[in-house]
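Engineer: Quick one: sequence and predicted model below, then my questions.
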Amino acid sequence: MKKQIDFNLAKEERLDDRIRTTLQREFPLPDDVAEAKNKAFAQIRDRQAKQEYANGVARKTKDRRHMRSLFVRGAGTVAAAVAVFSMVCISNPALAANIPLFGHIFEEIGSSLGFSGDYSKYAQPLTEDSALQAAENKESEAPSEAEQNPETKAADSAYSKTVNGVTMTLSEVYCNDAALYLSLLIESEEAFPETFVDQWEKQGIHLNESYGEFSYNQEGQEKIYLNNYLDGKFVDDHTYAGILRIDLQDTETAYDSEGFEKVKKEFAAATLGISVEEVEADTEAAYAKAAEQLGLEHFWDNLSDVGGPSFQDYLYKVSIPDEFTVKLGIPMLVGNLSEELQTPLPEIPQELIDQYNAGLEENGMDGVEYKDLLDAEIYENLTDEQREIEYELDKEMHREYSRLYPEAVAYPNKYNNWWIDGPWDFEVSVKKNHEDTIVKEVGDIDENGLGVVSVTKTPFEITVETQEPDPSTSPSGAGYFVVALDADGDILPYGSGERINVWAIQDRDISRIDIYLCDCIEYLDELKGYYWSDTYEEDKKTKTFKQLLDERALHHTEVTFEK
Amino acid sequence: MIKLVKKAMKADTDAFLELMERSSGSMYKVARGILKNDEDVADAVQDTILICFEKMHTLKKPEYFKTWLIRILINECNQILQHYRNLNMPEQFPDFGRHDASLAEFEFKEMLELVDEKYRIVLVLYYVEGFKIPEIAGLLDMKENTVKTRLSRAREQIRTAYTDGGFSDNSGEPKVHMYTDSAREKQGGDLNEETNRFQFG
């Protein structure tokens, strides 16, 4: 019997291997696809040429400092005395008051954020009282990962956790209808390594794989990985102060998969004249049979065409209550090393380069070697066929390289990053603040079903809810793009948010905003370039961007707000 | 790859194009798991590259790049399918490959042909892209159990096809080399063992 099982297992493995080998084997792109890819590349290069000005990037330069031992994976030991000092400072309110930033992060750095403004006017301090309230709402449950972690200090308070020598403290909270903002102070026993500063002067620091569990989420959808946005700055070598922005839109769309599956089964049963139990006995077979009977290719989301349920009806918006709790999990803190501290990845072994060169020679490219092809001019002189061969050889070389140096292709890695393992877990009671939030139910929809449903203005952001018909109905067939102009006719900034229908107000005059819906391709390829061109200041004397959009946009809505 | 992603995130166009170049094989296979012909795949890949370029700044973490890219691509493919549905047209006409296609390409397409259309994308995401079941469920907005079922049925269909051909021995190779034979038949050419490409004439 055991032999039979072993034989079957071996057969399964062979089947798996066969499938994997067949599907993974690489081949050149079919001509149609290669041509389409090249067209896309050409369009991008064209756009790049038009936007060369954007490359004038200013980067902060700092003195090079040495990376400390703390900032590598697995380094969990810290100087105990220093750890206690830091922990006490932050968790003891009396001492914490001596730290100027504690409780004042919104006030200190709010004005320099992407979604900038005076958050301190709206924020609430996170105190032990609010933690108690959160605890009351908390059901009895198993201890969190952080609570079980021996590196987590016993004296942690509800909003301050120390793990591996790094203390994270939440001190203020603000939540409006668009986003939840939490101020975050990160303190390290050892100096943070010098961290990369991007072209927008933002330091590359991430709360890697952080997630939130919101009390209003449905069962089975508790953990939502956050497209969170951490914006802030290092106030000294040991301290980072930032504001964590969590877009609530990420948490409010849910899909009732069980509900849809249930009505699908009922519809299949009715179609076939059998019971739901019989459908459940072999669902796939029943669905296939029902589809055949209904003249459908599949038994899924086009069921509504034949009188069945619609998938869309089971997507629903979760109503976010005015008060809720969120459990925030931060498994790892990662920073991008400054360019000075980045170290080169391991060099490609000579053996791999020799194989690559031999491949070139075997394919008739005598006299050309790997190092030669790093020169763009030499590469440009290759024929298409030679480039294809080179591409395959290069891919093979990189595959081997990844096998030899998996740590070099991982994230984070020691060549480009510093990181500290957590987790830092928090539970926060949140109460929405509707102050200075205006919701305008615009309902300006044209006969094609295209238009603006509503506009929400909070103190810091503007969110536009649009209604768009199927993308195929747009002139290019690629869909629609929403653009918002301030009262001066300038494009509103995104504020480094994740959503293309959310703009930062910053210091713009938004007493009136103009919302345009354009053809996606026309806007991206043509219209946008007009605004961002080097000559726009001159061009706008003849025609402003707003005038161009008035002529070319497919829909326009004007919304006014009191100053 | 991560370094390239990071460079691309810092608005390095050359890095972005290189990233897309290296991802193009994956994009093709994933799109082919949903769409039936290369013409539609070409449209989906082209649109995906342009959208990714436009939205690259919204990608906050390099390690999410692959999932992010695949999600955009799947969305583009679904829009193409939806387009056919809206026009009340039968979905795309399947194509059977090019006359200069490599054996690997033929085998890839032939293996997909062995399984029902709805199972193909699951097969590609699992075996080619190496996504885990929960990740595939997230990408395709379906329950993990559905993914498991589809994967299992896809394997079953491939196994059946192999078994019909019969296992020649314990090597796991089918007795009948269906891919090579049928590919040659469709091509009307012979396989050049050295180049692994079909020759004519």
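Structural biologist: Structure received.
Engineer: Go ahead and measure how far stretch A:275-285 is from the middle of the chain.
Structural biologist: Offset of stretch A:275-285 from its chain centre (Cα atoms, centre = their mean, to the nearest Å): 39 Å.
Engineer: Give me the residues contacting it.
Structural biologist: Applying Cβ atoms under 8 Å, 6 or more residues apart in numbering or on different chains, the external contacts of stretch A:275-285 come out as A:265, A:266, A:268, A:269, A:272, A:286, A:287, B:149, B:153. Heads up, the C-betas are built off the backbone N, CA and C, glycines and all.
Engineer: buried residues in the helix or strand containing the second one?
Structural biologist: For residue A:266, the element it lies in under DSSP states H and E is helix A:257-272. By neighbour count, and taking 16 or more other Cβ atoms under 10 Å in any protein chain shown as the criterion, the buried residues in helix A:257-272 are A:257, A:260, A:261, A:263, A:264, A:265, A:267, A:268, A:269, A:271, A:272.
Engineer: which of the residues you listed are close to chain B?
Structural biologist: Applying Cβ under 8 Å from any Cβ of the partner chain to these, one finds that A:257, A:261 fall near chain B.
Engineer: quick check, nearest of the buried residues of helix A:257-272 to residue B:144?
Structural biologist: Minimum distance to residue B:144 across those is 10.2 Å, recorded for residue A:257 (Cβ to Cβ).
Engineer: Tell me the confidence at that closest one?
Structural biologist: Looking at residue A:257, its pLDDT is 71.
Engineer: quick one: it from residue A:379, how far?
Structural biologist: Distance, residue A:257 to residue A:379, using Cβ to Cβ, to the nearest Å: 49 Å.
Engineer: Could you report the neighbour count for residue 28?
Structural biologist: I'll assume chain A. Number of residues near residue A:28 (other Cβ atoms under 10 Å in any protein chain shown) recorded here: 20.
Engineer: my question was about chain B
Structural biologist: Residue B:28: 25 neighbours (other Cβ under 10 Å).
Engineer: For it, pull up the helix or strand it's in.
Structural biologist: Secondary structure assigned from DSSP H and E places residue B:28 in helix B:13-32.
Engineer: host element of residue A:453?
Structural biologist: Using DSSP H and E, residue A:453 falls in strand A:451-457.
Engineer: Pull out the buried positions in that strand.
Structural biologist: Result for strand A:451-457 [16+ other Cβ under 10 Å]: buried residues A:451, A:452, A:454, A:455, A:456, A:457.
Engineer: Equivalent analysis for stretch A:37-44, please.
Structural biologist: For stretch A:37-44, the buried set under the neighbour-count rule, 16+ other Cβ under 10 Å, comprises A:37, A:40, A:41, A:43, A:44.
Engineer: helix, strand or coil for the first one?
Structural biologist: Three-state assignment for residue A:37 (DSSP: H, G, I helix; E, B strand; the rest coil): helix.
Engineer: now it: how far from chain B?
Structural biologist: Distance, residue A:37 to chain B, by Cβ to the nearest Cβ, to the nearest Å: 6 Å.
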